[in-house]
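Engineer: for reference, the sequence and a predicted model appear below.
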Amino acid sequence: MVDTRRCTGCGRCVGACAPQLLSLDVQHWKKHAVLQGAERCTGCSLCALRCPFDAIRMVRPTG
């Protein structure tokens, strides 16, 4: 889960994601990370570890 209020769009998480599920998106003149295809996430949490702003939180899918 990406907290867009904390995300600065630095892209460190995008570079850390081996399956390439994260990308940067622009909304209201601000960049932030977006997770595409969450079902393919391996749960390695490298993206969360690389984020210097604590904007990524690992959560288990429900349902």
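Structural biologist: That came in fine, so what should we check first?
Engineer: a strand runs through residue 34, doesn't it?
Structural biologist: Yes. The assignment for residue 34 (DSSP: H, G, I helix; E, B strand; the rest coil) places it in a strand.
Engineer: contacts only, for it.
Structural biologist: By C-beta atoms under 8 Å, 6 or more residues apart in numbering, residue 34 lies in contact with 2, 22-25. C-beta: built from backbone N, CA, C; applies to glycine.
Engineer: between the residues you listed, which is nearest residue 46?
Structural biologist: residue 22 (10.2 Å; C-beta to C-beta).
Engineer: the closest one contacts residue 37, correct?
Structural biologist: No. In this structure, residue 22 is not within contact of residue 37 by C-beta atoms under 8 Å, at 9.9 Å.
Engineer: in JSON lines, list the contacts of residue 34 along with distance to residue 43.
Structural biologist: Formatted as JSON lines, these follow (distance: C-beta to C-beta, whole Å):
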{"residue": "2", "distance to residue 43": "15"}
{"residue": "22", "distance to residue 43": "14"}
{"residue": "23", "distance to residue 43": "19"}
{"residue": "24", "distance to residue 43": "22"}
{"residue": "25", "distance to residue 43": "22"}
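Engineer: was I right about residue 52 contacting residue 12?
Structural biologist: Yes. Between residue 52 and residue 12 there is a contact at 7.0 Å, judged by C-beta under 8 Å.
Engineer: which one of these two has more residues nearby?
Structural biologist: residue 12 (18 against 9; other C-beta atoms under 10 Å).
Engineer: mind listing what that one touches?
Structural biologist: 50-52.
Engineer: now with 10 Å, please.
Structural biologist: The contact partners of residue 12, by C-beta atoms under 10 Å, 6 or more residues apart in numbering, come to 22, 33, 46-47, 49-53, 56.
Engineer: do residue 40 as well
Structural biologist: 19-21 are the contacts of residue 40 under C-beta under 10 Å, 6+ apart.
Engineer: buried subset of the residues you listed?
Structural biologist: With burial judged by 16 or more other C-beta atoms under 10 Å, the buried subset of these is residue 21.
Engineer: all set now, cheers.
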